[in-house]
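Sequence and computational prediction follow.
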Amino acid sequence: MKITFVIALLVTVFYKETVQQCFPPYAGNQPNRKGYFDLYSGQQEFSLALLHAVNKVLPNENLFFSPYSTYHALLMAYFLSGRQTENYLKKVLRLNANQEKSDLYAAYKIDKFSTQLFAKNASYEFTSANKIYVENDVPVKTCVLDDFNDELEMKDFKTNPEQARISINQWVENVTHHMIRDLIPPGTIDSATNLVLVNAAYFKGLWENKFPEEFTRPEIFYVSPTKQIMVDMMHVEGTFKHDVSESLGAHILEMPYKGDNISMYVLLPPWSDTQNAIENTLKNLTLENFKNIVENDNLISKTVQVSFPKFSLETTLEMTPILGSIGLENLFNSNADFSSLSPQPVYLGEGIHKSRIDVDENGTQSSSATAFLGFRIYEGPVTRFICNRTFIYFIYNKKSHTVLFVGIMRSPNKAESMLGV
């Protein structure tokens, strides 16, 4: 499986007088070491809030995006913000209210180093990178230049915006192993652009239990009770963690990747009206129920016969209204305060989110009689998990306790033919 995500926040700078304050505000004290554990303490809750917001905007579409990368892009905005904007970001990101910005900045640096170090020996590939592109004429605080030496890069947006756009897109393409191309479309960056925040993430993992290619065959996927398509359905039998959750209204299956740190969790609602089933499960997907899945070890290891569709999906989201709906309206108007970056305040003008997932037999890349699973577990030596209807899925990092990617599959995009209307 290969997964990529990019979010870019295009920013226009407006000039007015501000009081310069160095970042980070250590005030002569060393940062609190506990800040490292608080860096992602609210990331799960943020991820669920973002999922509900995206689904509200696109209630009938296939969804796929990265809460992790969105979180990191906004974390960059938080570090560069001040006053009320800083408070909004801290609240929406669910950062510990008792932690100073300096503590969280130190935690970010520690997390960045440890992620890069761990990646060298991991059995999967995971990369997350941030960039802060600033117009050459913008006076950036010296401490920001020092603290974000790896992330910050000056660009000539004023006289050559098109070349700047191409350069940014090339960086994104390189980080995502050429899976995300042309993130920022022509005309999006112009001579008035002064700041672009970009986060790019890439994940490639092999299934712990690979799907034998010889068992993949065309089968029915139920988009709704009256509409079906043919998809390439993969099959494998192995030991998986599984449960039937009455509180969620769904079957749950954990499909781990090699390395045992990252897993895909699939939530499969019972057979019923597809749209309502998904909405009911989403409604029940509270933070408590989510933690019961990924942290409380409530899933039971057993032999499971898994049927899962092979698919590819690329999505692009306009993030401005989505982020506004979860409490960040302040980011997108002239009152936004980014005084930690420059004495010239800025506000975020546009957000672009592009992601892609490929799922195949190696990893992350029939009959109707077997489709009506409902809530009844197969009464035999093995359990069957037949994912031939709309489902929710997310990629979770057990080491950092973070949601990397999340999606809702309503209709696999590699359909061969329509069987219903």
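Looks like it came in fine. Residues are numbered from 1 along each chain as shown.

Dihedrals phi and psi, T383?
In terms of degrees, to the nearest 10, the main-chain angles of T383 are phi -100, psi 140.

Grab the nearest non-local neighbour of it.
V304 (4.8 Å; CB to CB, 6 or more residues apart in numbering). For every residue, glycine as well, the C-beta is placed using N, CA and C.

Can you list the helices and strands that the helix or strand hosting the one you found packs against?
In the assignment (DSSP states H and E), V304 maps to strand 300-309. Strand 300-309 sits against strand 227-245, strand 250-256, strand 383-386, with contacts defined as 3 or more CB pairs under 8 Å, 6 or more residues apart in numbering; DSSP states H and E.

Using JSON lines, please lay out those together with mean pLDDT, distance to F157 and mean neighbour count.
Output for the helices and strands packed on strand 300-309, formatted as JSON lines (pLDDT from 0 to 100; distance: least, CB to CB, whole Å; neighbours: other CB atoms under 10 Å):
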{"stretch": "strand 227-245", "mean pLDDT": "92", "distance to F157": "44", "mean neighbour count": "19"}
{"stretch": "strand 250-256", "mean pLDDT": "95", "distance to F157": "44", "mean neighbour count": "23"}
{"stretch": "strand 383-386", "mean pLDDT": "92", "distance to F157": "50", "mean neighbour count": "20"}
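
Columns distance to P321 on top of those strands, output as CSV?
Shown next, in CSV, are the helices and strands packed on strand 300-309 (distance: least, CB to CB, whole Å):
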stretch, distance to P321
strand 227-245, 29
strand 250-256, 28
strand 383-386, 36
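
Counting neighbours, what do you get for the residue nearest to G205 when sequence neighbours are not counted?
Distances taken as CB to CB, 6+ apart put Y257 closest to G205, at 3.4 Å, once the chain neighbours are dropped. For Y257, the count of nearby residues is 23 (other CB atoms under 10 Å).

I'd guessed Y257 sits against N362; true?
No. Applying CB atoms under 8 Å as the test, Y257 and N362 come out as separate, 10.5 Å apart.

where does the chain have low pLDDT?
1-36, 272-275, 345-349, 364-381, 413-421 (pLDDT under 70).

Identify each buried residue in stretch 252-271, please.
Across stretch 252-271, burial judged by 16 or more other CB atoms under 10 Å covers 252-259, 261-271.

Which residues in the helix or strand F46 falls within does the neighbour count mark as buried?
Following DSSP H and E, the helix or strand that holds F46 is helix 43-57. Residues of helix 43-57 classed as buried by neighbour count (16+ other CB under 10 Å): Q43, Q44, E45, F46, S47, L48, A49, L50, L51, A53, V54, N55.

other SSEs contacting that helix?
strand 63-65, helix 67-80, helix 274-284, helix 287-294, helix 319-323, strand 402-409.

mind checking how far stretch 256-269 is from the chain centre?
Per CA atoms, centre = their mean, to the nearest Å, the displacement of stretch 256-269 from the mean C-alpha position of its chain is 15 Å.

Please name the strands paired to the strand holding V304 in the sheet, noting orientation.
Strand 300-309 pairs in its sheet with strand 227-245 (antiparallel), strand 383-386 (parallel), by DSSP bridges.

Out of the ones you listed, which gets nearest to T315?
Checking those against T315 by CB to CB gives strand 227-245 as the closest, at 18.1 Å.

Report the angle between the closest one and helix 274-284.
Here strand 227-245 points in a direction 30 degrees away from that of helix 274-284 (axes from the mean of the first three to the mean of the last three CA atoms, to 10 degrees).

Check the gap between Y71 and D38 for me.
According to CB to CB, to the nearest Å, Y71 stands 13 Å off from D38.

Show me which of those two is the more surrounded one.
Counted by other CB under 10 Å, Y71 and D38 do not tie: Y71 has more neighbours, with 24 against 18.

Could you list which residues are in contact with that one?
Counting by CB atoms under 8 Å, 6 or more residues apart in numbering, Y71 touches Y40, Q43, F46, S47, L93, T402.

Kindly recompute the last result at 10 Å.
Contact analysis of Y71 by CB atoms under 10 Å, 6 or more residues apart in numbering lists 7, 39-40, 42-43, 46-47, 50, 78, 92-94, 199, 402-403.

thinking again about what came up before, what sits in contact with each of Y71 and D38?
Listed as contacting both Y71 and D38 by CB under 10 Å, 6+ apart are R94.

thinking again about what came up before, of the buried residues of helix 43-57, closest to F126?
Nearest member of those to F126, counting by CB to CB, is Q43, at 15.3 Å.

For the closest one, which non-adjacent residue is spatially closest?
In space, and not counting its chain neighbours, Q43 is closest to T402: 5.0 Å by CB to CB, 6+ apart.

Give the full set of residues in contact with that neighbour.
For T402, the contact set (CB under 10 Å, 6+ apart) comprises 39-40, 43-44, 46-47, 67-68, 71-72, 111, 262, 395-396.

would you turn those residues into JSON lines with distance to H177?
Formatted as JSON lines, these follow (distance: CB to CB, whole Å):
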{"residue": "L39", "distance to H177": "26"}
{"residue": "Y40", "distance to H177": "25"}
{"residue": "Q43", "distance to H177": "24"}
{"residue": "Q44", "distance to H177": "27"}
{"residue": "F46", "distance to H177": "27"}
{"residue": "S47", "distance to H177": "24"}
{"residue": "P67", "distance to H177": "21"}
{"residue": "Y68", "distance to H177": "17"}
{"residue": "Y71", "distance to H177": "22"}
{"residue": "H72", "distance to H177": "18"}
{"residue": "D111", "distance to H177": "22"}
{"residue": "I262", "distance to H177": "17"}
{"residue": "I395", "distance to H177": "17"}
{"residue": "Y396", "distance to H177": "22"}
